[in-house]
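K.L.:
Need the 3D shape of this:
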Amino acid sequence: MPVKQPRWVAVAARRFSQVDVAARARLASIAALTAAVGVLVMAIFAVIDDYANSLFALLCVFVFAFCGWLVLTRHGLVRLLAAPGAVFGLLGVIGVAAAHVVLLVLLLVVLALFGAAARYAVARTPMPTGIAQVSGPPAKPARAARRGVLIINPRSGGGKAERFDLVAEAKRRGIEPVLLDSGDDLRHLAERAMSRGADVIGMAGGDGSQALVAEIAMRHDVAHVCVPAGTRNHFALDLGLDRDDVVGALDAFTDGAERRIDLACVNDRVFVNNASLGVYAQVVQSDSYRNAKFRTWRRMLPGMLGPDASPVHLEFGGPDGKTWSDAALVLVSNNPYQVTRPGGAGTRPRLDEGQLGIVVVRLRGARTFATFATLGALGQSSRSGELREWSSREFEVRSDTSIAVGLDGEAVVLASPLRFASLPGALRLRVPRKTTGVSPAGGAVALSRVNLTALLRIAAGKELHPSSVRRGDGFRTARR
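P.N.:
Predicted coordinates for the structure are as follows:
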């Protein structure tokens, strides 16, 4: 039975809709600024009112991370003795959170209010000349495909193609479905579609399959359509697609919008998301990883990060010109990920910057890992010295042996050196015209000094300066 909406809510919504766009943006910016003040007041109150508990919570995080590291990377007696400490640290964090559950819930609500109001204000504020160069060219309406081809992996995503009846849905839209059977060569199927005159080619499958078809589309300068029929569909998420609307993604063939995005490559392999080196890449090489991820991690971590582990030798130059050779994890992505801010964390604000995102993590023992985790709880993980991130058009990694790589989630081994490069604007991408085209990181407005200054200008009815716009702060949505 539907819940009856209170009369005051309907009246407020009707009156708000009658206000002009600029005034609504100002009202939303005022609401966002008020929420920001509320967050600051609650944070100060929490620290002053219960300073001891705040310190205790940080201590518990340190203990949990320290002992948890020993549990994961050691065998026998050391693991057994560290386990109670990890449990104590975890229970301590939970206990402090439970004692302040009302404040935490209120804080989350106010943060959500800030994010929603700030996005609304920015999206409805006219941008001056110059900001278009910051946010990149918008997608343009595209004509319906004359000969659209959709390659479908029926096994991907636990059989999503069959559950959503993609073959019939594709035929209904005049799209030729091509099933990828066991033993088929995906690259060959895509090339055959090109030779038969496909002017738009789509892939219904995981990110590894998306990369292969995108590479063929790039080489033939044909538009590519991503249909999120895989398991996690990270590429679709960063494109701003609704990953739950698998059938709706087919509208890109018939009622789509097109823009150019970047791809990236390592040696002769193209990828759409990222290439992972180090610990993660070694784990995904294991035959047992697909069916027993947790047990595989637990079995392999002591040999990779324990006291007797052989170091992962990956040599490369850092942003300061110094040579690194002790990184446990290296992530090279097609455009940078949002790493240090919670809004949209783990997604990419943009896919058209022409840059590689590079994230490097050192894991040198229990104490340094615990320090890293504790600073991370304060939002200061980069200050630990264990995490570095930067961007570059090219990047090279050297080793004295072949290098294990997790490439868009697929396990491969490539010869050293690995030469990464961004391929700016390489792919013509089509998405349904109704989609937002904005990733979670791209749509997020972080609670930062720059953004608060911009919201103050909106509230005052002043024009935003191009310098107010920062990557990943969500301001690009105003141009979409």
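
K.L.:
what does stretch 88-101 rub up against?
P.N.:
For stretch 88-101, the surrounding residues in contact (C-beta atoms under 8 Å, 6 or more residues apart in numbering) are 46, 50, 53, 56-57, 59-68, 104. For glycine as for every other residue, the C-beta is placed from the backbone atoms N, C-alpha and C.

K.L.:
In helices only, show me the residues you listed.
P.N.:
46, 53, 56-57, 59-68, 104 (DSSP state H).

K.L.:
thinking again about what came up before, what subset of the contacts of stretch 88-101 is buried?
P.N.:
In the contacts of stretch 88-101, burial by neighbour count holds for 46, 50, 57, 60, 61, 62, 63, 64, 65, 66, 67, 68, counting by 16 or more other C-beta atoms under 10 Å.

K.L.:
do you know how far the fourth one is from residue 95?
P.N.:
Between residue 60 and residue 95 the computed distance is 8 Å (C-beta to C-beta, to the nearest Å).

K.L.:
so which helix or strand takes in residue 230?
P.N.:
Using DSSP states H and E, residue 230 is not contained in any helix or strand.

K.L.:
Tell me if I'm right that it and residue 206 touch.
P.N.:
Yes - counting by C-beta atoms under 8 Å, residue 206 is a contact partner of residue 230 at 3.2 Å.

K.L.:
Give the intersection of the neighbour lists for the two.
P.N.:
156, 157.

K.L.:
Which of those two has more residues huddled nearby?
P.N.:
residue 230 (26 against 23; other C-beta atoms under 10 Å).

K.L.:
List the residues that contact that one.
P.N.:
156, 157, 160, 205, 206, 207, 209, 210.

K.L.:
in the stretch 101-250 of the chain, what spans have low per-residue confidence?
P.N.:
For the stretch 101-250 of the chain, the stretches flagged by pLDDT under 70 are 126-138.

K.L.:
State the mean pLDDT of stretch 435-445.
P.N.:
Throughout stretch 435-445, pLDDT has a mean value of 79.

K.L.:
CA atoms only: put that stretch into CSV for me.
P.N.:
Backbone C-alpha positions of stretch 435-445 (Å, rounded to 0.1, in the frame of the first residue of the first chain) are rendered in CSV as follows:
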residue,chain,number,x,y,z
THR,A,435,21.8,8.2,-19.5
THR,A,436,23.6,10.8,-17.3
GLY,A,437,27.0,10.0,-18.7
VAL,A,438,28.4,10.9,-15.3
SER,A,439,30.2,8.4,-13.0
PRO,A,440,29.8,8.5,-9.1
ALA,A,441,33.1,10.3,-8.8
GLY,A,442,32.3,12.7,-11.6
GLY,A,443,28.9,13.6,-10.0
ALA,A,444,30.2,14.0,-6.5
VAL,A,445,30.8,17.4,-5.0
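
K.L.:
how close does the nearest residue to residue 274 once chain neighbours are set aside get to residue 47?
P.N.:
Nearest residue to residue 274, sequence neighbours excluded (C-beta to C-beta, 6 or more residues apart in numbering): residue 333, at 4.0 Å. According to C-beta to C-beta, residue 333 stands 35 Å off from residue 47.

K.L.:
With neighbour numbers in mind, choose between those two.
P.N.:
residue 333 (24 against 12).

K.L.:
Need the three-state assignment for the more buried one.
P.N.:
strand (DSSP: H, G, I helix; E, B strand; the rest coil).

K.L.:
How about the one 5 residues further on?
P.N.:
Recorded secondary structure, residue 338: coil (three-state DSSP).

K.L.:
if I look at the nearest residue to it once chain neighbours are set aside, how far off is residue 337?
P.N.:
Sequence neighbours aside, residue 441 is the residue nearest to residue 338 in space, at 3.8 Å (criterion: C-beta to C-beta, 6+ apart). In this view, residue 441 and residue 337 are 8 Å apart by C-beta to C-beta.

K.L.:
what sits in contact with each of those two?
P.N.:
347, 348.

K.L.:
Of those two, which one has the most company?
P.N.:
Neighbour count, other C-beta under 10 Å: between residue 441 and residue 337, residue 441 has more, with 26 against 23.

K.L.:
I'd assumed residue 339 was in contact with the more buried one.
P.N.:
No - using C-beta under 8 Å, residue 441 is not in contact with residue 339; the gap is 9.6 Å.

K.L.:
what touches both of those two?
P.N.:
residue 345.

K.L.:
isn't the residue nearest to residue 274 right next to residue 273, touching?
P.N.:
Yes - Residue 333 lies in contact with residue 273 (C-beta under 8 Å); the separation is 6.6 Å.

K.L.:
Now find how far off-centre whichever strand or helix holds residue 422 is within its chain.
P.N.:
Secondary structure from DSSP H and E places residue 422 in strand 418-432. Strand 418-432 sits 16 Å away from the centroid of its parent chain (C-alpha atoms, centre = their mean, to the nearest Å).

K.L.:
Need the pLDDT of the most centrally placed residue in the chain.
P.N.:
Centroid-nearest residue in the chain, with C-alpha atoms, centre = their mean: residue 347, separated by 1.4 Å. On pLDDT, residue 347 comes in at 90.

K.L.:
Please name the bridge partners of residue 329.
P.N.:
residue 278, residue 361 (DSSP bridges).

K.L.:
Many thanks, I have nothing further to ask.
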